[in-house]
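*Asks:* I'll drop the sequence and a predicted model, then ask my questions.
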Amino acid sequence: MMLIKGVRLYGEGDPVDILVRDGVIAEIGPWLDAASTQEITDVEVIDADGQVALPGFVDLHTHLREPGREDTETIATGSAAAALGGYTAVFAMANTDPVADNAVIVEHVWRRGREVGLVDVHPVGAVTVGLKGEKLAELGTMARSQADVRVFSDDGHCVADPLIMRRALEYTKALDGVIAQHAEEPRLTVNAQAHEGERAARLGLAGWPAAAEESIVARDCLLAKQTGARLHVCHVSTAGTVDVLRWAKERGTKVSAEVTPHHLLLTDERLATYDPVNKVNPPLRTESDVQVLREALAEGVVDCVATDHAPHAPQDKDCEWSAARPGMLGLQTALSIVVETLVRPGLLDWRGVARVMSEKPAEIAGLPDQGRPLAVGEPATLVLVDPTARWTVRGAELASIAGNTPFEGMELPGVVRTTMLRGRVTVSEGKVQS
Ligand SMILES: NC(=O)N[C@@H](CC(=O)O)C(=O)O
Ligand SMILES: [Zn+2]
Ligand SMILES: [Zn+2]
């Protein structure tokens, strides 16, 4: 049994205590120890004075690199990074080696996640065999496997062929699943290295035009509307995509969308140093895109935050810009970036943080026991955040094997003190409990 003392639920109202019994929130009230728990021995007390309690975060977009690139991240190290970031569930993208395009691989990832036990690891199934975009993978077999796959994505690649995309949407509709699309028209991004605009031109980097993203999002929204299937748009990066999403939602399309922490904070101004730590797909965009993305998230046109946590080995990052792989770490810095870019400027309150980091992603993925309200009878799957403390990001100190963070040296607000998964403390005072 556990007693969490002195937290403010969703950062609202007076501080309360939360009694956790058998993995469930058993009681919530002021000064529980004085009354109901008086005779109870064996109570572990968590002093959370001044902290904010939120439902555990859910990341719809994580690259765990196992199997295949265990030199950069494993299910164990990625799970630790996730728990430290306040996450209780993550969706592991399918672009592993071998690709997670069949039941054997997704069951392996699922089982390994359970063994580690720090967060619920849900494998994402590939949409097409080998992410090649040519032939649908066995979506049904993955859905019926132990891993119970409901989110399918070729992330890293776009499902570019409109006919394959349409079939995939029809198929996943029947499975009650969702396609998460990496929206990038490949014909418009051949050799692309940076956001197409003034800065890329000045730096001599080939451009990745906003329209390469927006045209695919528009096309897929039309296909989703026509098929009645659910579409999720990965890592939205442009103001134009927000316009398309707003239009599609207004006409009743079942579309949801995520934005990454880095697209909420960083711009292509970063590229001036040619440091590949800033190379990511889709690329960092402009100040006005960043502002529009923040407002769209606050408003709900963009539904949630997803990290696109993408660990890479030093040899794939500490090299010349054009040779470097795109992607950056995200799990341990996501909350702080959301606090910095949305809570502090007053665009989102803590209730809103719970919505965009926990409730919405759980709903999009169809998870019944994540993103639940903090209420009696609900699973004790939650995170306790110190809202006023600050910390300095050091890539080498993060739990990931790789260290490629663009936030190196930044001092950020919001510190995760405790993470709890169904009553089990996975992080205590910022340390993983394995
Ligand atoms: N975001 C990235 O820049 N890279 C991702 C792939 C992806 O999300 O498209 C990766 O797997 O490294
Ligand atoms: Zn992607
Ligand atoms: Zn990704």
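*Replies:* Done, it's in. Ligands and ions are numbered 1, 2, ... in the order given.
*Asks:* got a list of what the residue nearest to Leu266 when sequence neighbours are not counted touches?
*Replies:* Once flanking residues are discounted, Leu266 sits nearest to Leu284: 4.9 Å by C-beta to C-beta, 6 or more residues apart in numbering. C-beta here means a position set from N, CA and C on the backbone, and glycine is covered the same way. Contacts for Leu284 (C-beta atoms under 8 Å, 6 or more residues apart in numbering) come out as 194-195, 262-263, 266-268, 270-271, 278.
*Asks:* let's see it at 7 Å
*Replies:* Listed by C-beta atoms under 7 Å, 6 or more residues apart in numbering, the contact partners of Leu284 are 195, 262, 266-268, 270, 278.
*Asks:* what number of residues lie near the closest residue in space to Trp208 that isn't next to it in sequence?
*Replies:* Taking C-beta to C-beta, 6+ apart as the measure, Trp208 lies nearest to Ala192, with 3.6 Å between them; neighbours along the chain are not counted. Summarising burial for Ala192: neighbours were counted as other C-beta atoms under 10 Å, giving 21.
*Asks:* show me the contacts of Leu284 that map onto helices.
*Replies:* Counting by DSSP state H, these place His262 in helices.
*Asks:* ligand 1 contacts on the chain?
*Replies:* Taking C-beta under 6 Å from any ligand atom as the contact definition, the chain meets ligand 1 at 63, 95, 155-156, 182, 280-281, 308, 310, 326-327.
*Asks:* from ligand 1, how far out is Val106?
*Replies:* Taking C-beta to the nearest ligand atom, to the nearest Å as the measure, Val106 and ligand 1 are separated by 17 Å.
*Asks:* do Arg285 as well
*Replies:* Distance of Arg285 to ligand 1, computed by C-beta to the nearest ligand atom: 14 Å.
*Asks:* for Asp22, same thing?
*Replies:* Spatial separation of Asp22 from ligand 1 under the definition C-beta to the nearest ligand atom is 38 Å.
*Asks:* next one: Arg372
*Replies:* Distance, Arg372 to ligand 1, by C-beta to the nearest ligand atom: 28 Å.
*Asks:* ok, now which ones touch the residue nearest to that residue when sequence neighbours are not counted?
*Replies:* Counting by C-beta to C-beta, 6+ apart, Glu378 is the residue found nearest to Arg372 once chain neighbours are left out, at 4.6 Å. Applying C-beta under 7 Å, 6+ apart, we find Glu378 in contact with 24-25, 372.
*Asks:* want to throw those into TSV with pLDDT, secondary structure and neighbour count?
*Replies:* Below are the contacts of Glu378 laid out as TSV (pLDDT from 0 to 100; DSSP: H, G, I helix; E, B strand; the rest coil; neighbours: other C-beta atoms under 10 Å):
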residue	pLDDT	secondary structure	neighbour count
Val24	98	strand	15
Ile25	98	strand	23
Arg372	98	coil	20
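*Asks:* from those, which single one is nearest Leu331?
*Replies:* Proximity of these to Leu331 was ranked by C-beta to C-beta; the top entry is Arg372 with 21.0 Å.
*Asks:* and the closest residue to ligand 2 within the stretch 101-250 of the chain, backbone torsions?
*Replies:* Across the stretch 101-250 of the chain, no residue is closer to ligand 2 than His182, which sits at 3.6 Å (C-beta to the ion). Main-chain dihedrals, His182, degrees, to the nearest 10: phi -90, psi 100.
*Asks:* so what's the residue count around it?
*Replies:* Residues within reach of His182, counting by other C-beta under 10 Å, total 25.
*Asks:* over to Arg355?
*Replies:* Burial of Arg355, expressed as a neighbour count using other C-beta under 10 Å, amounts to 23.
*Asks:* what do you get for Met1?
*Replies:* If you count neighbours by other C-beta under 10 Å, Met1 ends up with 15.
*Asks:* now it: how far from ligand 1?
*Replies:* Following C-beta to the nearest ligand atom, the distance that separates Met1 from ligand 1 is 41 Å.
*Asks:* surely that residue touches Arg21?
*Replies:* Yes: counting by C-beta atoms under 7 Å, Arg21 is a contact partner of Met1 at 5.2 Å.
*Asks:* quick check: residues of the chain near ligand 2?
*Replies:* 155, 182 (C-beta under 5 Å from the ion).
*Asks:* poorly predicted segments of the chain, please.
*Replies:* Judged by pLDDT under 70, the chain has its weakly predicted residues at 33-41.
*Asks:* and the helices in the stretch 151-300 of the chain, which stretches?
*Replies:* Per DSSP state H, counting those that start in this stretch, the stretch 151-300 of the chain carries helices over the ranges 162-174, 198-203, 210-227, 239-250, 261-265, 287-299.
*Asks:* who's in contact with the last one?
*Replies:* This points to helix 287-299. Here helix 287-299 makes contact (C-beta under 7 Å, 6+ apart) with 236-239, 242, 259, 263-264, 267, 302, 305, 341-342, 347-348, 352, 356.
*Asks:* filter the residues you listed down to the buried ones.
*Replies:* Taking 16 or more other C-beta atoms under 10 Å as the criterion, what is buried in those is 236-239, 242, 259, 263-264, 267, 302, 305, 341-342, 348, 352, 356.
*Asks:* now, those that are in strands?
*Replies:* Counting by DSSP state E, the buried ones among the contacts of helix 287-299 place 259, 305 in strands.
*Asks:* Gly50 in helix, strand or coil?
*Replies:* Reducing the assignment to helix, strand or coil with DSSP: H, G, I helix; E, B strand; the rest coil, the entry for Gly50 is coil.
*Asks:* any idea which of the helices of the stretch 151-300 of the chain is most buried?
*Replies:* For the helices of the stretch 151-300 of the chain, average neighbour numbers computed from mean count of other C-beta atoms under 10 Å are highest in helix 261-265, which has a mean of 24.
*Asks:* what packs against that one?
*Replies:* Contact analysis of helix 261-265 by 3 or more C-beta pairs under 7 Å, 6 or more residues apart in numbering; DSSP states H and E lists helix 287-299, helix 334-338 as its packing neighbours.
*Asks:* what's the closest of these to ligand 3?
*Replies:* Ranking these by proximity to ligand 3 (C-beta to the ion) places helix 334-338 first, at 13.7 Å.
*Asks:* so what are the domain limits for the chain?
*Replies:* In terms of domains, the chain is parsed into 2-52+377-432, 56-365 (source: automatic domain parsing).
*Asks:* most neighbours per residue, which of these?
*Replies:* The highest average neighbour count among the domains of the chain, using mean count of other C-beta under 10 Å, belongs to domain 56-365 at a mean of 21.
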